[in-house]
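**Q** fold the following and give me the result.
(chains A and B)
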There are 2 protein chains.
Amino acid sequence: MTSILELDTPAVLIDIDRVEANLRRAQDYADSHGLKLRPHIKTHKLPRFAKRAMELGAVGITVQKLGEAEVFADAGIREIFLPYNIIGAAKLARLRALHDRIHITVTADSPETVEGLSRTFAGSPTPLTVLVECDTGMGRCGVQTPAAALALAEKITNSPGLAFGGLMTYPAAGQVEANSAWLAAAKIALSAGGMPPVIISNGGTPDLWRAHEVTAATEHRPGTYIYMDRFQVAKGVGTFEDCALTVLATVVSRPTEDRAIIDAGSKALTSDTLGMTGFGLIEAYPEAVIVGLSEEHGTIDLTHCANKPRIGDKLRIIPNHACVVSNLFDRVTLISKNAVVETVKVDARGRVD
Amino acid sequence: MTSILELDTPAVLIDIDRVEANLRRAQDYADSHGLKLRPHIKTHKLPRFAKRAMELGAVGITVQKLGEAEVFADAGIREIFLPYNIIGAAKLARLRALHDRIHITVTADSPETVEGLSRTFAGSPTPLTVLVECDTGMGRCGVQTPAAALALAEKITNSPGLAFGGLMTYPAAGQVEANSAWLAAAKIALSAGGMPPVIISNGGTPDLWRAHEVTAATEHRPGTYIYMDRFQVAKGVGTFEDCALTVLATVVSRPTEDRAIIDAGSKALTSDTLGMTGFGLIEAYPEAVIVGLSEEHGTIDLTHCANKPRIGDKLRIIPNHACVVSNLFDRVTLISKNAVVETVKVDARGRVD
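**A** Take a look at the predicted model:
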């Protein structure tokens, strides 16, 4: 049995017992509220975890890129939701090829996107299902009003090769009531217009445990919940004991009494602060602050630490944002009770398009 | 001839004419001041550009990871400087293997690092050259005083298998005088101690054109200079016309009059702000501000734009920090005068250890 302390650093450790518990907790929650779960794979990018989520009851997976859909389709996943405006000939051709072999659904928030999809799927034996993306408060993509959702749904319905599937949002964290009200109003508008939405897809981990309060939603798409991270703990969604992804780093320098340098910088932890102080939590030294990152160095302020790490010590760090860490490493090491289980390739890492 | 506008997005474009001009400008500058150039490959991670820099006169290359050294050694580079504390049995064995086939030099800033190196190289037919890393103001790794540099140089000299090679610093940007004074004092202390440093290695692009003011330095290690980026332009080191790396992105949504969403988020541009507002400069819309990034979406504020991009338009973006972008893409596309020359693998991308 190999201990994690024998691993070279920096390394990404995934605690598979915590993964299993996180997957089960969310599925149990969704089941108890009659919500479907369609987890987002962006956090882990590993088909094995997508398959496990579906074994536990998830109705399919969510991806953000065609390249991710291709990797997961190759791995045998047949039900994929890609909530993105697919634009341009190259991507439309790839989408058509995916549609020919799995059940893939997309979103649109503009006539331009719908027209490109319709040109591509007009001759398809089965239509492509398209959901209308709604901006319920996030300020990213999405139609701006329920009336605009209705208008775009009508355009989809009238477009050759396409079928209107419902509504999708990625909501602003913490704005559960506003999100719920928006979707409820859109559901009424669409039903009155003769196009009741079959799917109303809500998303996000920050408000996962309040997903049932969005009463119009038929399903939820959490992503980070599988690993959790420092940001989600700050939001109260989980505890540090739920965090399944840690970065293992080595102390390579102790230049002063109060400073340690580790071999994990922005290429391991990323610069994401998500509004927090510091670039991660060091499990064994919670009073330490990771005050700065360059690409290959992390600078730690030990001022408030009673005990201080020594050169050569290995530290486990809960990153601010787990998803972006997964995208930096070609391989991650699955662990159980601090023992190495297996090192695996992150199949969908770096699928940029 | 393929136009860059035919490329799928997001894509990283490298203007090879600008690369050549940037390499030549720095080499000419170094030559004119009798400084050696030992460029850092972290920015591009491509052996072809390292070889070109050496053809133009660079004395070798600098890398930050053993994995990078291995890739560049495999590509035929024989002179590599790895300014890092190499710690732990696995890494020390890899360093020994590299030393057996190329000329590799490292740094140390502590007795612990020196002792590990000496244990590994004690039986080596040729000693490993070790430079003392000095903290001349950056507040990262490095001994804190010239007297400490002398003490560590003595330890290296007295350690079996090792040879003392000189001093190295990665200085704080803008603190040229303090950096110069520190190194000059250390040179005097070491010379007085009977160990005059053969190499005094200074680094960084922000103060590249002032490198000759650091009079004790024998060489300089710039990295970002090959591509430049928005941060270096802000520092006055180059102009936007010198920037060789751009990210090509597509407008996928125009949800409101003043908002555009592109298919480049933090997985393409990274969250690095380096203290600036916005996440990059859009060449054709300099008044636009990239106000937010999620992993696969960039949110652009068009309030101050007279003309506004449309859905499907492709935009070229100069990122805040070029080096971290190179680490996110498996492949980059070399271009010349807006025509595609070749798409190449980023050989040393993701070499995390």
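**Q** what segments of the stretch 251-353 of chain A are strands?
**A** Taking DSSP state E, counting those that start in this stretch as the test, the strands found in the stretch 251-353 of chain A are A:259-262, A:281-282, A:289-293, A:298-301, A:314-318, A:331-336, A:339-345.
**Q** what parts of the stretch 51-200 of chain A come near chain B?
**A** For the stretch 51-200 of chain A, the contact set with chain B under CB under 8 Å from any CB of the partner chain comprises A:64-65, A:84-85, A:87-88, A:90-91, A:109-110, A:112-113, A:135, A:139-144. All C-beta atoms are positioned from the backbone trio N, CA, C, and that covers glycine.
**Q** point out the most buried one among the strands of the stretch 251-353 of chain A.
**A** Most buried of the strands of the stretch 251-353 of chain A, by mean neighbour count (mean count of other CB atoms under 10 Å in any protein chain shown): strand A:259-262, with a mean of 26.
**Q** touching that strand from outside, list them.
**A** Identification of contacts with strand A:259-262 by CB atoms under 8 Å, 6 or more residues apart in numbering or on different chains yields A:249-255, A:288, A:297-302, A:308-309, A:315, A:317, B:139-141.
**Q** strand partners (parallel or antiparallel) of it?
**A** Strand pairing for strand A:259-262, determined by DSSP bridges: strand A:245-256 (antiparallel), strand A:298-301 (antiparallel).
**Q** I'd like the ones you listed laid out as TSV, including mean pLDDT.
**A** Output for these, formatted as TSV (pLDDT from 0 to 100):
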stretch	mean pLDDT
strand A:245-256	98
strand A:298-301	98
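**Q** could I get those strands in JSON lines, plus columns for distance to residue B:9?
**A** Shown next, in JSON lines, are the strands paired with strand A:259-262 (distance: least, CB to CB, whole Å):
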{"stretch": "strand A:245-256", "distance to residue B:9": "29"}
{"stretch": "strand A:298-301", "distance to residue B:9": "32"}
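**Q** closest one to residue B:37 among these?
**A** The closest of the strands paired with strand A:259-262 to residue B:37 is strand A:245-256. By CB to CB, the value is 26.2 Å.
**Q** tell me the secondary structure at residue A:155.
**A** Classification of residue A:155 using DSSP: H, G, I helix; E, B strand; the rest coil returns helix.
**Q** and it, how many neighbours?
**A** 19 (other CB atoms under 10 Å in any protein chain shown).
**Q** likewise residue A:44?
**A** 27.
**Q** what residues does it make contact with?
**A** Residues in contact with residue A:44 (CB under 8 Å, 6+ apart) are A:14, A:50, A:226-227, A:326, A:346.
**Q** do the same with residue A:276
**A** By CB under 8 Å, 6+ apart, residue A:276 lies in contact with A:230-231, A:234, A:320.
**Q** that one and residue A:333, how far apart?
**A** Distance, residue A:276 to residue A:333, by CB to CB, to the nearest Å: 26 Å.
**Q** do residue A:136 as well
**A** Distance check for residue A:136 against residue A:333: by CB to CB, it reads 38 Å.
**Q** just give the nearest non-adjacent residue to the residue nearest the centre of chain A, would you?
**A** Taking CA atoms, centre = their mean, the centroid of chain A lies closest to residue A:223, which sits 3.2 Å from it. Spatial nearest neighbour of residue A:223, excluding adjacent residues (CB to CB, 6 or more residues apart in numbering or on different chains): residue A:40 at 3.4 Å.
**Q** hang on, the earlier thing: among the contacts of residue A:44, who's most crowded?
**A** Neighbour tally across the contacts of residue A:44 (other CB under 10 Å): the maximum, 30 neighbours, falls on residue A:227.
**Q** need the pLDDT of residue A:305.
**A** Looking at residue A:305, its pLDDT stands at 97.
**Q** my guess is it meets residue A:284, correct?
**A** No. Judged on CB atoms under 8 Å, residue A:305 makes no contact with residue A:284 at a distance of 9.8 Å.
**Q** which one's more surrounded, these two?
**A** residue A:305 (18 against 13).
**Q** now the helices for chain A?
**A** For chain A, the helices defined by DSSP state H occupy A:16-32, A:47-55, A:66-74, A:89-99, A:111-121, A:146-157, A:176-192, A:230-234, A:266-269, A:322-326.
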